[in-house]
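Colleague: sharing a model that was predicted from the sequence below.
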Amino acid sequence: MAIVIAALAAGAAGCTTSSAEIQPLPGSLTYNGRVIHSPYRPGAVVKHTFLGKFGYRVSERYVVQPDGTLKLTYQNVGQDYYIE
């Protein structure tokens with residue numbers, strides 16, 4: 001049991017967290033430095049979904065900043081079809 005706990009602790013110690021910003025993909029609202037101004041109030045969440053590279057579905061969430069611009073806060077890329 002002690003070996004298992006030691007292995008888990010060593011594995012967790014090797015994990016690193018990254019605070020890097022999410023990069024917009026082709027098709028994202030803010031791709032290539034585009035500045036989009038939202039009519040929604042600051043703090044509102046704007047969702048955006050599109051088909052990306054190889055037909056993968058990309059889901060994104062933006063938060064409206066105090067100046068009305070959008071900041072990309074979440075991005076998920078997954079298959080657009082069901083595989084059996």
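Modeller: Alright, I've got the coordinates.
Colleague: and stretch 57-69, which residues are buried?
Modeller: V58, E60, R61, Y62, V63, V64 (16 or more other C-beta atoms under 10 Å). The way it works is simple: take the backbone N, C-alpha and C, and place the C-beta from them, glycine included.
Colleague: let me know the closest of those residues to K71.
Modeller: Lowest distance from K71 to the buried residues of stretch 57-69 (C-beta to C-beta) belongs to V63, with 5.2 Å.
Colleague: hmm, back to that, save the buried residues of stretch 57-69 as a markdown table, and put in secondary structure too.
Modeller: Below are those laid out as a markdown table (DSSP: H, G, I helix; E, B strand; the rest coil):
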| residue | secondary structure |
| --- | --- |
| V58 | strand |
| E60 | strand |
| R61 | strand |
| Y62 | strand |
| V63 | strand |
| V64 | strand |
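Colleague: what strand or helix carries the most centrally placed residue in the chain?
Modeller: Nearest to the mean C-alpha position of the chain, counting by C-alpha atoms, centre = their mean, stands Q75 at 2.3 Å. Taking DSSP states H and E as the criterion, the element that holds Q75 is strand 70-78.
Colleague: secondary structure class for S28?
Modeller: coil.
Colleague: who are the neighbours in contact with it?
Modeller: Under the criterion of C-beta atoms under 8 Å, 6 or more residues apart in numbering, the neighbours of S28 are H48, F50, V58, E60, L72, Q75.
Colleague: same deal with P42?
Modeller: In this structure, P42 makes contact with V64, Q65, P66, G68, judged by C-beta under 8 Å, 6+ apart.
Colleague: hang on, the second one packs against K71?
Modeller: Think Q65. Yes: taking contacts as C-beta atoms under 8 Å, Q65 lies within contact range of K71: 5.5 Å.
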